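Q: no sequence for this one, just the structure:
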DNA sequence: GATGAATGAGCCTTCATTCAT
DNA sequence: GATGAATGAAGGCTCATTCAT
């Protein structure tokens, strides 16, 4: 009777279903996960999922947008009220590591199915968010170059690419879950690498 | 009795088809690419592909194994006859950067469809190759720690993960092709980051 | 965890579909019948069959195993509590004639597609059942020879072959359905032939 | 240049190909055998077969018509110049057994693919030949009844059915080749069964 | 909210056949 | 006579989605 747009009231059931779907997406990717598998995990029939969601895509949408909201919120906080670029970068890194480990599904989806999502108008916000993320990193790196904290010959955009991927990806690629490193460890490892390199200081 | 096994004699046509398929795989992933699309790209009917290949999988197989052969050959050469761990790492990085840019399709397939391939017996060699790759990196990193070239508190396996992903992935993820960096530039950027960090030396 | 295995709960629809499929199998053979034809007969799309069955094979499986269960049950009952080999053979013949006419589809499948089924692990029970069937016949024939009811020079296995084929096959080969003999008539004709031959007694 | 109809000059090559095709048909049935398999057996490519035959069907045609010619020739000879129905039946049986074992392929084709062939105009001669075969048997059986050699209550057509199937089929059904009985043994077994039954004469 | 049945489009693959070289 | 490449129709199957009950 009332209009579709089932996204409105979350309800616990709904949240649970998203959770289940997300687990599957994280494991096998979005495209590779069938609606039937999600329904199976919930103990219902696949058709019944459509009482909760318009489509499979809308599940993906929800997971993805929740993730990006979190990331952006974290990044904005990380760079607010700071003049110290090095400190900002450190906070970005730690914020990333923390946020990411709560959004394994989204990460897996971006990794595996980026080309699928990024092609659709509905997911235009993905590109937009990625741009803000890039801008955040690059601004801090540039600022650090200006203040002399970072090497003057640093290619800020290239460095951003290297660092973002290093942070975003390794948690998931290969052997599914737990190769043992916590998000904190990865952040530490990366920061150490970042600021000191791997060689011993002379 | 007769030679069958279509994989044997390459033929130009065949190589061309693999090239076309690879381009599509690189763009959209292996699973997301249909046999029809490959055939369309070649200007033939989908069934006609089976004159050249046993299956879609065997196209994937060919692309993937060619890639891993190349990588491993490069890695083996990189660590042969060297006592200097830092030099070895540098050679591994440069070898990677060079090899990888010739195998965009394989990389995209590993990224997007790893879980699909790694589950199949036919692709068991993937896991094996990845293990040798990991071993190669880790051995050099450990050796560098022993000789004092690298920090003693370096987590070799974590570092390997970070570095491999940084090297293997950024070329493809996001905005499709060329945002401008050559494989050489990426190698340089990474090595600089690796050995010096991003901060200015005090 | 959930019940899956579609074979479990029969449901009327399902049974009806098996019936329709069986009719087609009986007419044209299993391999020669397409999934599309079965669906057409049911007035649905071919893909919709997969709501009820895992695969075409599983339809075949169901038909075949139901048949063999029936046959074996009949045979076991036929030889239970009997010392009289001739009576046992008679009961086997009548049991066959009765059972078989309820399983035209299975018979046609065994006849036409034996090599296809018997090669697959899934249908290993076919060979097993055929062995028990052979053993049942041969044991009674041998026993009859010992008691002097049957000719001492009778080749039990050869006789079994001749008799089983005579019983199992003629109902279907050639001109499709009903050339008029009931299963009872065939049994009578065969038993008469069997015990008396076709010649007049001197 | 000259008109198609490749059937004209047999040539050895051609005969050899028919032989190979027949072997495969006997093993797996006509429909289940692919043109590629035939070509493989001959060590050529499937397309090359079409230099020798118009179509797969025409290979089948050749095998089938050669078989029926042989059978009918044998039957006609068996009943020529005889008043003795019992002797005629015996000669029919022996002729069958002999002929059939030279035409395993044709038999397998009739068994497995009867419905396929008998539906096509091109193979109309199949039904015609089967009718003459039936007539031959039935006539002799009826004559034996009249002369008092055979039981008066014998159903000639039913008996024909039973006997023809017993003779034609058991050689092939199941376990492919050799379960050990020669065509002579089968003929003897059948004749003994036929004239004496399986019971000991009182 | 859920079930059960179905849709329809698309997927990978097979195969008899054709034809230029 | 044969090859190598392709056709075109069909086959079994998958999957997101719809909808009456």
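A: Arrived safely. Just so it is clear, the model here is predicted, and its values are computed rather than measured.
Q: the helices in chain A, which residues?
A: Per DSSP state H, chain A carries helices over the ranges A:12-28, A:35-42, A:56-79, A:85-101, A:104-118, A:124-147, A:156-168, A:183-196.
Q: list the helices and strands the fifth one packs on?
A: Packed against helix A:104-118 by the contact rule (3 or more C-beta pairs under 8 Å, 6 or more residues apart in numbering or on different chains; DSSP states H and E) you find helix A:12-28, helix A:56-79, helix A:124-147, helix A:156-168, helix B:12-28, helix B:104-118. To be clear about C-beta, it is placed using only N, CA and C from the backbone, and glycine gets the same treatment.
Q: and those, which one's lowest on average pLDDT?
A: For these, the weakest mean pLDDT is recorded on helix A:156-168, namely a mean of 83.
Q: got a list of contacts for that one?
A: Contacts with helix A:156-168, where a contact means C-beta atoms under 8 Å, 6 or more residues apart in numbering or on different chains, come from A:93, A:96-97, A:100, A:107, A:110-111, A:133-134, A:137-138, A:141-142, A:145, A:186-187, A:190, A:194, B:162, B:165-166, B:169-170, B:173, B:181, B:185-186, B:189-190, B:193, B:198.
Q: buried subset of the residues you listed?
A: Among the contacts of helix A:156-168, the ones that count as buried by 16 or more other C-beta atoms under 10 Å in any protein chain shown are A:93, A:96-97, A:100, A:107, A:110-111, A:133-134, A:137, A:141, A:145, A:186-187, A:190, A:194, B:162, B:165-166, B:169-170, B:173, B:181, B:186, B:189-190, B:193, B:198.
Q: count of residues packed around the residue in chain A that chain B sits nearest to?
A: With C-beta to the nearest C-beta, the shortest gap between chain A and chain B falls at residue A:197, namely 3.9 Å. Per other C-beta atoms under 10 Å in any protein chain shown, the neighbour tally for residue A:197 reads 21.
Q: quick one: it and residue C:101, what's the gap?
A: Distance of residue A:197 to residue C:101, given as C-beta to C-beta, to the nearest Å: 85 Å.
Q: again with residue A:143
A: For residue A:143, the distance to residue C:101 (C-beta to C-beta) stands at 90 Å.
Q: residue A:12 now?
A: Distance from residue A:12 to residue C:101, by C-beta to C-beta: 58 Å.
Q: same question, residue A:60
A: For residue A:60 relative to residue C:101 (C-beta to C-beta), the value is 56 Å.
Q: so which of these two has more stuff around it?
A: residue A:60 (27 against 14).
Q: my guess is that one contacts residue A:30. True?
A: Yes - using C-beta atoms under 8 Å, residue A:60 is in contact with residue A:30, at 5.6 Å.
Q: between these two, what contacts are shared?
A: With C-beta under 8 Å, 6+ apart, residue A:60 and residue A:30 have common neighbours A:109, A:117.
Q: spit out the contact partners of residue A:20.
A: Neighbours of residue A:20 in contact, by C-beta under 8 Å, 6+ apart: A:38, A:41, A:42.
Q: hmm, I typed the wrong one, I wanted residue A:59.
A: Residues in contact with residue A:59, defined by C-beta under 8 Å, 6+ apart, are A:17, A:18, A:21, A:38, A:53.
Q: if we use 6 Å, what do you get?
A: For residue A:59, the contacting residues are A:21, A:53, by C-beta atoms under 6 Å, 6 or more residues apart in numbering or on different chains.
Q: any idea how far it lies from residue C:144?
A: Taken as C-beta to C-beta, the span from residue A:59 to residue C:144 is 71 Å.
Q: and what of residue A:62?
A: Distance, residue A:62 to residue C:144, by C-beta to C-beta: 76 Å.
Q: neighbour-wise, which of the two wins?
A: Between residue A:62 and residue C:144, counting by other C-beta under 10 Å, residue C:144 is the more crowded of the two (24 against 19).
Q: surely that one and residue C:150 touch.
A: Yes - counting by C-beta atoms under 6 Å, residue C:144 does reach residue C:150; the two are 3.6 Å apart.
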